[in-house]
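>>> Sequence below, structure please.
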Amino acid sequence: MAKLTLKVAGMTCGHCQARVESALTQVPGVVGAVVNLRDARAEVDYDDDTATIEQLTAAVAKAGYSASLDA
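Sure thing, here's the model as predicted:
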């Protein structure tokens, strides 16, 4: 299992937060995702043998937002 933090750009409301969280949890291998609207970050717990960072950021992009690794 792995954990990472993504910066998420474009969220403006609670609906956006829920949409990003839903998109992340639908990626195979994701165990949990918690999105913080105020900090514009997503904490993701996932199986790194199943899910990749590229899949996670692509899921956020498909939901209409952009994501990158939080340094």
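
>>> Tell me where the longest helix sits in the protein.
Using DSSP state H, we find that the single longest helix of the chain is helix 14-25.

>>> in it, what counts as buried?
Cys16, Gln17, Arg19, Val20, Glu21, Ala23, Leu24 (16 or more other CB atoms under 10 Å). (Each C-beta comes from the backbone N, C-alpha and C, glycine too.)

>>> Equivalent analysis for stretch 59-66, please.
Ala59, Val60, Ala63, Tyr65.

>>> Which residue ranges of the chain form strands?
2-9, 30-36, 41-46, 66-69 (DSSP state E).

>>> And for the closest residue to Ala18 other than its chain neighbours, the neighbour number?
Nearest non-adjacent residue to Ala18, counting by CB to CB, 6 or more residues apart in numbering: Val35, 7.8 Å away. Residues lying near Val35 (other CB atoms under 10 Å) number 25.

>>> quick check: mean pLDDT across stretch 62-71?
Averaging pLDDT along stretch 62-71 gives 92.

>>> do stretch 8-16 as well
Across stretch 8-16, the average pLDDT comes to 97.

>>> Contacts for that stretch, please.
Under the contact criterion CB atoms under 8 Å, 6 or more residues apart in numbering, stretch 8-16 has outside partners Gln17, Val20, Val35, Leu37, Ala40, Arg41, Ala42, Val60, Gly64, Tyr65, Ser66, Ala67.

>>> what about the closest residue to the fifth one other than its chain neighbours, neighbour count?
In space, and not counting its chain neighbours, Ala40 is closest to Val8: 5.4 Å by CB to CB, 6+ apart. For Val8, the number of neighbouring residues by other CB under 10 Å comes to 26.

>>> Mind picking the two most distant members of the contacts of stretch 8-16?
Maximum pairwise distance among those (CB to CB): 17.1 Å, between Arg41 and Gly64.

>>> circling back: would you mind giving the strands of the chain as a markdown table with distance to Gln55 added?
Below are the strands of the chain laid out as a markdown table (distance: least, CB to CB, whole Å):
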| stretch | distance to Gln55 |
| --- | --- |
| strand 2-9 | 12 |
| strand 30-36 | 9 |
| strand 41-46 | 9 |
| strand 66-69 | 11 |
